[in-house]
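> Quick one, what's the 3D model for this:
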Amino acid sequence: MERKETQGHLHPISQAIFDIRSIFEELGFAIAVGPELETEWYNFDALNIPSDHPARDMQDTFWLKHPESGFKIQDSRFRMERSERPVLRTHTSPVQIRYVENKVKLGINPPYKIVVPGKVFRNEATDATHEAQFFQLEGLYIDKNVSLAHLKGTLEFFLKKFFGPEIEIRFRPSFFAFTEPSAEVDMKWKGKWLEVLGSGLMHPNILRASGVDPNEYSGFAFGCGIDRLVMLKTGIPDIRMFYNGDLRLVNQF
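The predicted structure is shown next:
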């Protein structure tokens, strides 16, 4: 979807989301959204993040008090209790689970191709490169015989469309609980390599949690901070400038 001319100016993050949507629509990706108030199940458990993972601690996550915050139900897929404790989502990955779950319930089999732009929340100190709230982009593709080659081609297409065809990109082995194998994606920027994306092939546990048979289907997923992409592209030096309401920033775009 291209940006339509409107009166006034778009916030640079809003403009970036329009541009990102347009790029991925060229590849056949749909746009998906989900709630910012999530449950522990969708935010952590269904994404293969263990119960003792440090991301669940108070210093990283905004947990909400709720009369039923201790309520749990039994989930036969994992033979474990499914926690419904409320949390402000720490990433947009829960939308993957919700989207695929809904498709499975409707009897719609893969392929699924979505990108998820949205706001996420982290309980951390703010500085020039960190905020307690920011925007993240999540991507998902599930089909038969999805490989790292599909992932690499998709991300190269996106980054070169967004930043320009001259940029250099490299993939490095990494670890994420929700992908296996996993890779960091770096981009050469002003002579230095910068980490811009996390990615990998979907872990079988996540496919299973969503109701998809990992013996029949595979997939890839990736995620990045939209704010960081905009900072690199525009030269904005401080992430806090996006959220302080200064119209002098918005009026430049």
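
> can you map out the helices along this structure?
Counting by DSSP state H, one finds helices in the chain at the ranges 12-26, 40-43, 94-105, 148-163, 204-210, 226-234, 247-250.

> Would you mind writing the CA trace of the last one as CSV?
The reference is to helix 247-250. What follows is helix 247-250, C-alpha atoms only, in CSV (Å, rounded to 0.1, in the frame of the first residue of the first chain):
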residue,chain,number,x,y,z
LEU,A,247,6.3,18.6,15.7
ARG,A,248,9.6,19.9,14.4
LEU,A,249,10.7,16.3,13.9
VAL,A,250,7.4,15.3,12.2
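
> hang on, the earlier thing: His130: which of the helices of the chain is closest?
helix 226-234 (10.0 Å; C-beta to C-beta). Glycine gets a C-beta too; all of them are placed from N, C-alpha and C.

> Give me the helices and strands touching that closest one, please.
For helix 226-234, the packing partners by 3 or more C-beta pairs under 8 Å, 6 or more residues apart in numbering; DSSP states H and E come out as helix 12-26, strand 133-143, helix 148-163, strand 192-202.

> Mind listing what's buried along the last one?
Going back to what we said before, that points to strand 192-202. 196-202 (16 or more other C-beta atoms under 10 Å).

> could you say what helices and strands it packs with?
Checking 3+ C-beta pairs under 8 Å, 6+ apart, strand 192-202 ends up next to helix 148-163, strand 169-176, strand 179-189, strand 218-225, helix 226-234.

> what mean pLDDT does the longest one have?
Mean pLDDT, helix 148-163: 96.

> Could you give the separation of that helix from the chain centroid?
Taking C-alpha atoms, centre = their mean, to the nearest Å, one finds the center of helix 148-163 at 15 Å from the center of the full chain.

> For Gly34, give its distance to Ser147.
27 Å (C-beta to C-beta, to the nearest Å).

> For the stretch 51-200 of the chain, give me the ranges with low pLDDT.
Across the stretch 51-200 of the chain, the ranges flagged by pLDDT under 70 are 55, 58-59, 66-83.

> Swap in 90 and give it another go.
Scanning the stretch 51-200 of the chain for pLDDT under 90 picks out the ranges 51-85, 123-131, 176-178, 189-191.

> if we can go back for a sec, of the helices of the chain, which approaches Pro86 most closely?
Taking C-beta to C-beta, helix 40-43 is the member of the helices of the chain nearest to Pro86, at 7.9 Å.

> Which neighbouring elements make contact with that closest one?
So helix 40-43, by 3+ C-beta pairs under 8 Å, 6+ apart, packs with strand 80-83, strand 86-88, helix 94-105.

> neighbouring contacts of it?
Helix 40-43 is contacted by residues 56, 75, 82-87, 89-91, 93-94, 97-98 when judged by C-beta atoms under 8 Å, 6 or more residues apart in numbering.

> Identify each buried residue in that helix, please.
Neighbour-count burial for helix 40-43, counted by 16+ other C-beta under 10 Å, picks out 40-43.

> Nearest to Tyr243, out of the residues you listed: which one, please.
Set against Tyr243, the nearest of those by C-beta to C-beta is Asn43 (22.4 Å).

> about what we covered before: quick check on the contacts of helix 40-43: which are buried?
For the contacts of helix 40-43, a burial check counting by 16+ other C-beta under 10 Å picks out 56, 82-87, 89-91, 93-94, 97-98.
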